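> this one's structure only:
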């Protein structure tokens, strides 16, 4: 067993951890479809899926069985390679971005020193899923949906990055672990970077195309928009991709503004770090779903006006003030 | 008349002879043939040559007839009781409404089968467009100068004109239907939208337009409704609404159902209106029969009609908010609808389509304990309405989506034949329950909710107000429900009161005949308008002295409301169209019948 050097064992352990995180994220994403329906049911005075298993917990299995056995129908008029690529991009881009999220002090996939930039890059890629789907579907509703998506992305990517620059300025690093540690030593960023939090939250909702920024699919207007031609597993990948986006943005909100895995009693019970992380992330996931349950959808020109005329100036002011304070402190 | 000038609506004047005097003075008495009727308005036959002059005069006269309320045809060929009327194979009638007089007039034109053509009235009232298309569709009457005289309710490939008397009414009278590949291709090709047919261009100098086919299967089309949009980006350059997917030929069915057995069909015209639909029909039949119903019947009918107004508006409210993108309120309004159905079910024994009104009364007396159920509902509803207003309608996103969207003023509303909340949202105080009380509405105290801007938001707010007023009316019914019989004591009441049938041979015979053949209504014409859930709904009945109606014209509010869409929505965005469609409150059965 001489080849089993300690370095190699470390690598294998890391790979195993990465696989576990990957599986947990995907399963959490898929399970969210059940959680969302139950929560919506709760807020809408109805039951939601409660038939399959205790409290309907096995609904996910039933849904997946159904989806796996559905015909993977590709309409004859679509641009086939791009049509197939789109759901892959939808599911993978935000899933890959999860690599930079530090879950606990010891768990996490990649400890990149450009952590935040990597997330921006991946978030920028997500729009290609919608664009590809809308373009290749050869359907007018899908096209309108992807048009809206690109307009929306152009507006929201701009301040998605800027909204976090205050944090970067304060910490002096893009590394997510540095950011978490900095919060532990000082204050959770929700207080000094409240404007950053508010704008990042809005941009995060927009990145995942969740209500009220679901212009690209806007059921009432575009009848599901960009993924109107998709069925079976391809559609399922869009679906899960959306939930993975929610998990990711919630995890980022936790990491960047709410101290990541930190919480009380960590000294005595170190395993609580995952619990705190999951609790905080779960809270933001709930907020996402509550948003969907509670508010109407603005028109897409109103969404863009809100972005350019309100959010962008706000992030710029936030960045200027933070920068000035950081300079003054030195 | 302009929108900024408040319009005074005088008390209703039935059979207003003033206009007859004015017309005789202008055109000479020999021009007109006056037809006596029970329609509540002068009915004047005009020679075809003078038609446009007469219509133009009525549109321009002092206190003008601003609204073309209805336009349709009658196949006169089999009609026996038409003494004193001009000789005709077909006739076309123009039902005109003047708000400043608060009275109507009906102009009729006689046509011979050999020469079925008329000049179009689209230059006088723009909403004549769809009505004339429908008349062409149903009777094959040509309107010279019509911009696009194509099939309206029937498919473009249809042969024959269904409302003609020689057109079979039953599927069994046709050869079995067959569809082969060639025919299928033909039918599908006929459905293809060709912009040139509608005078539309496929592109301008700098851009090509996109034609987007919205419906008939679209989540926000509210039924089988198709609207083809000419888009420049997301901006709507023009659009063409297409109807007819829900056409079931209710007017044709009326000609082979007895007066009594047609009642259930009326429920399904505005399928959210329930017994509200029975009301204009039974009132019109009672006019023919000369039945005066007891006060208790009026009160019961008003109460149930107002229940269905609330039912309709609750569904409207939920789907309207959903169309603007909020998914939750619709579940709450459906919970409220369930509460109301509890009462409706207890009283009528049915939910959506109780078919519960009868000629001369209602089907049953109110059950014991009805007052407690109604009271529970009255206690439940107001706080829910307040919640909807606070949580959904005052939401800034919803307001941003609907205020100023799809707005039109009173003048535009009237020239397109808009009635109901869509008209009152423009500031015009015209509610038939106040302006022309029927079925005892004059006994009730209520306000007519109004708004000023005529946009999508105002239409919804007017409907919210109407629900509160309906609750007030129901409360008054609850407090002051008169005692007495629930059916009129009249030989034509159907089914007749049964109590005396075993003692009294005349009652026994009438009862037997009415149950087996159905009642025979005296030959005449009658018409009753009501303020239905979506606007003014009316039944114009022609009896030829038989057990069945000779012609039943059902004028529904949703038909003109949809016709108005292009004129309102040009220049707006797709999302605005959805908010607009949600704010109109229409169901396709109410359009296509």
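Received, thanks. Computed from a predicted structure; not experimentally measured. Residues are numbered from 1 along each chain as shown, chains lettered A, B, ... in the order given.

> the helices in the stretch 201-350 of chain B, which residues?
Residue ranges of the helices in the stretch 201-350 of chain B, as given by DSSP state H, counting those that start in this stretch, are B:250-254, B:263-267, B:278-289, B:295-323, B:329-348.

> of those, which approaches chain A most closely?
If you check each of the helices of the stretch 201-350 of chain B against chain A by CB to the nearest CB, helix B:329-348 wins as the nearest, at 4.2 Å. C-betas here are computed from N, CA, C, even on glycine.

> helices and strands around that closest one, which ones?
When contacts are defined as 3 or more CB pairs under 8 Å, 6 or more residues apart in numbering or on different chains; DSSP states H and E, helix B:329-348 packs onto helix B:295-323, helix B:370-388.

> most tightly surrounded among those helices?
Compared across the helices and strands packed on helix B:329-348, helix B:295-323 shows the largest average neighbour count, a mean of 24 (mean count of other CB atoms under 10 Å in any protein chain shown).

> quick one, that helix and helix B:278-289 angle?
For helix B:295-323 against helix B:278-289, the angle by axes from the mean of the first three to the mean of the last three CA atoms, to 10 degrees is 150 degrees.

> how about residue B:425, phi and psi?
phi -70, psi -20 (degrees, to the nearest 10).

> now it: how far from chain A?
Distance, residue B:425 to chain A, by CB to the nearest CB, to the nearest Å: 20 Å.

> Touching, that residue and residue B:462? I think so.
Yes. Residue B:425 sits in contact with residue B:462 when judged by CB atoms under 8 Å, with a separation of 4.9 Å.

> So for these two, which residues contact both of them?
Overlap between the contact sets of residue B:425 and residue B:462, as judged by CB atoms under 8 Å, 6 or more residues apart in numbering or on different chains, is given by B:450-451.

> Assign a three-state SS to residue B:104, would you?
Residue B:104 falls in the strand class when you classify it by DSSP: H, G, I helix; E, B strand; the rest coil.

> Next one, pLDDT for whatever residue of the stretch 1-150 of chain A ends up closest to chain B please.
Residue of the stretch 1-150 of chain A nearest chain B, by CB to the nearest CB: residue A:44 (4.2 Å). pLDDT for residue A:44: 88.

> wait, what's in contact with it?
With contact taken as CB under 8 Å, 6+ apart, residue A:44 is in contact with A:293, B:327-328, B:331-332.

> Neighbours of residue B:571, how many?
Using other CB atoms under 10 Å in any protein chain shown, residue B:571 has 11 other residues around it.

> do stretch A:200-207 and chain B meet at all?
No. For stretch A:200-207, no contact with chain B is found by CB under 8 Å from any CB of the partner chain; the gap never falls below 13.3 Å.

> roughly how far is that stretch from the heart of the chain?
For stretch A:200-207, the separation from the chain centroid amounts to 9 Å (computed by CA atoms, centre = their mean, to the nearest Å).

> what comes into contact with it?
Applying CB under 8 Å, 6+ apart, the contact partners of stretch A:200-207 are A:123, A:126, A:152-153, A:155-157, A:159-160, A:163-164, A:212-213, A:245, A:249, A:252-253, A:256-257, A:288, A:291, A:303, A:307, A:311.

> What is the least confident helix or strand in the chain?
You didn't say which chain, so I picked chain A. Ranked by mean pLDDT, DSSP states H and E, the helix or strand of chain A with the weakest confidence is helix A:219-222, at a mean of 70.

> switch to chain B, that's the one I care about
Among the helices and strands of chain B, helix B:505-516 carries the lowest confidence by mean pLDDT, DSSP H and E, at a mean of 82.

> Give the next helix or strand downstream of that helix.
Past helix B:505-516, further along toward the C-terminus, the next helix or strand under DSSP states H and E is strand B:524-531.

> I'd like the distance from the closest residue to chain A within chain B to residue B:557, if you could.
For chain B, the nearest residue to chain A under the criterion CB to the nearest CB is residue B:325, separated by 2.7 Å. From residue B:325 across to residue B:557, the span is 27 Å (CB to CB, to the nearest Å).

> Can you name the residues of the stretch 1-150 of chain A that neighbour chain B?
With CB under 8 Å from any CB as the criterion, the stretch 1-150 of chain A comes near chain B at residues A:40, A:43-46, A:140-141, A:144, A:147-148.

> now do 7 Å
Taking CB under 7 Å from any CB of the partner chain, the part of the stretch 1-150 of chain A that reaches chain B is made up of A:43-46, A:140, A:144.

> likewise the stretch 201-330 of chain A?
So the stretch 201-330 of chain A meets chain B at A:212, A:219-221, A:223, A:293-300, A:302 (CB under 7 Å from any CB).

> between those residues, which is closest to chain B?
Minimum distance to chain B across these is 2.7 Å, recorded for residue A:297 (CB to the nearest CB).

> Check that closest one and give its pLDDT.
The predicted structure scores residue A:297 at 87 on the pLDDT scale.

> That one touches residue A:213, doesn't it?
No. The pair residue A:297 and residue A:213 does not pass the contact test of CB atoms under 7 Å, sitting 8.3 Å apart.

> Verify the contact between residue B:359 and residue B:260 for me.
Yes. The criterion here is CB under 7 Å, and residue B:359 meets it with residue B:260 at 6.2 Å.

> Who has more neighbours out of the two?
With other CB under 10 Å as the criterion, residue B:359 and residue B:260 differ in neighbour count, and residue B:359 comes out ahead with 29 against 19.

> Need the per-residue pLDDT for that one.
Taking residue B:359 on its own, its pLDDT is 91.

> Over to the one 10 residues further on?
Among the per-residue scores, residue B:369 shows a pLDDT of 90.

> Please name the nearest non-neighbouring residue to it.
Counting by CB to CB, 6 or more residues apart in numbering or on different chains, residue B:346 is the residue found nearest to residue B:369 once chain neighbours are left out, at 7.7 Å.

> How many residues are close by that neighbour?
So residue B:346, with other CB under 10 Å, has 16 neighbours.

> which residues does it contact?
Remark: with contacts taken as CB atoms under 7 Å, 6 or more residues apart in numbering or on different chains, residue B:346 is in contact with B:367, B:370, B:373.

> Spell out which residues make up each domain of chain B.
Following the assignment in automatic domain parsing, chain B carries domains at B:18-130, B:250-485+B:521-592.

> Just say which of those domains is most tucked in.
Ranked by mean neighbours (mean count of other CB under 10 Å), the domains of chain B are led by domain B:250-485+B:521-592, with a mean of 21.

> Low-confidence regions, chain B specifically.
Filtered on pLDDT under 70, chain B yields the residue ranges B:1-6.

> could you pull out the helices for the stretch 51-200 of chain A?
With helices called from DSSP H, counting those that start in this stretch, the stretch 51-200 of chain A shows them at A:59-69, A:80-97, A:115-136, A:140-171, A:176-185, A:194-207.
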